[in-house]
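[1] need a 3D model of the following:
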Amino acid sequence: MEKTGKIRGSQLKFSRSTSETRRNSVCQATCAATGKSRLNPKSPAEDSAANERVAPGSPLVSEHCFADIVDFLPDPTFAINLAGEVIAWNHAMEKHSGWRAEEVLGKGNYVYALPFYNERRPIVIDLVLASHPETEKLYSRIERDGNALLTEVKIPQAGDNRCHLSVKASPLYDQKGEIVGAIETTRDMTPRIRAEEDRILAIAELERERATLKDKNTALKEMLSQIEEEKKRIMKETQSNVDRIATPLLLSLRETCQDSDRNKIDLLTDCLNQITAPFVRSLETKFGTLSPRELQICNMVKSGLSCKEIAATLNTSVNTVMNQRQRIRRKLGLESNKVNLTTFLQGM
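    Sure, this is the predicted structure:
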């Protein structure tokens, strides 16, 4: 850059391909505008057209390059002089604010605040030129980077919507290093902020759905557990009724009936045994050394029948049943254990 002036608004380093580089270009253009050199010289006709966007008689702009470069910026940008009069208002700012350049150029009394806040008051660009403690309180956070100020603001829009803006303001210097104005550039962060808000809402919704699904799974497991317990209860009651009522009657009936009817009784007994088969299958799986008679006795013991009742049912002696119970305890590994056989079998 030619040594025709100074712009000290920002000492940050940016890539030339970014909009921040274009912000520094504005500063370079201001240097040219305050001296004799000129960026991108234009014909008199082009200069005349550019003059329409710059406040007449502005002490900051003696060349048209400044306004041309500001217009070139993609981000909404404007500048003021020390009197608070607008000296530049680019096309992006026109589109963003809805105010044309001719409506604000050359005007002061905080006219540049009207498009955003619907009132005339100091904003970030004014904090560069003077101290405004009350204005600073209106912003949640203001960062200082050298002489530049950076902050984020929320501008009310139609309905409950808000526009999120990133704002950067820096002083403008003349050839002698004296402050002659300030420049402010804004960037609309609304799409990014809303995308982030949508992402947060989506994550929260997923967490709620996950919690709901977890609760449903817990409830389903509890319900299945209750169903399983009910099945066990029904099976236990059915088996007990068969062992206590049906089986003894069938065995007694078999001993007194004619041979021609015993096959029917045996068939009925087999059908009843199928009902209690789960317990028998469990015993056979875990303790394969048990004989059919021992399995039968286990089934009766589990149902709470005494040795006398079992002996009467099987038409054998009580001592025989007691001896068979001892063999069953050995095969089940309960010979040296004080666990009650009935309790053990009912717990299976």
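[2] so where's the stretch 101-250 of the chain uncertain?
    Counting by pLDDT under 70, the ranges of the stretch 101-250 of the chain that qualify are 156-162.
[3] tell me the SS of residue 290?
    coil (DSSP: H, G, I helix; E, B strand; the rest coil).
[4] correct me if wrong: it contacts residue 298.
    Yes: using Cβ atoms under 8 Å, residue 290 is in contact with residue 298, at 6.9 Å. C-beta here means a position set from N, CA and C on the backbone, and glycine is covered the same way.
[5] among those two, which residue is more densely surrounded?
    residue 298 (25 against 19; other Cβ atoms under 10 Å).
[6] any idea how far that one lies from residue 305?
    11 Å (Cβ to Cβ, to the nearest Å).
[7] please apply the same query to residue 126.
    Where residue 305 is concerned, residue 126 sits at a distance of 99 Å (Cβ to Cβ).
[8] kindly report the same for residue 78.
    100 Å.
[9] what about the two, which has more around it?
    The neighbour comparison of residue 78 against residue 305 (other Cβ under 10 Å) goes to residue 78, with 26 against 22.
[10] so what's the more buried one bridging to?
    residue 89, residue 184 (DSSP bridges).
[11] which of the three states applies to residue 169?
    strand.
[12] what's the spacing between it and residue 151?
    9 Å.
[13] tell me, what's touching these two both at once?
    residue 124 (Cβ atoms under 8 Å, 6 or more residues apart in numbering).
[14] neighbour count winner among these two?
    residue 169 (26 against 19).
[15] strands of the protein, start to end?
    Chain-ordered strands for the chain, with DSSP state E as the definition, fall at 77-81, 86-89, 142-145, 148-156, 162-173, 179-188.
[16] list the buried residues for the fifth one?
    If I follow you right, that is strand 162-173. 163-173 (16 or more other Cβ atoms under 10 Å).
[17] could you export these to a markdown table, including columns for distance to residue 191?
    Converted to a markdown table, the buried residues of strand 162-173 look like this (distance: Cβ to Cβ, whole Å):
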| residue | distance to residue 191 |
| --- | --- |
| 163 | 10 |
| 164 | 9 |
| 165 | 12 |
| 166 | 12 |
| 167 | 17 |
| 168 | 19 |
| 169 | 23 |
| 170 | 25 |
| 171 | 30 |
| 172 | 30 |
| 173 | 34 |
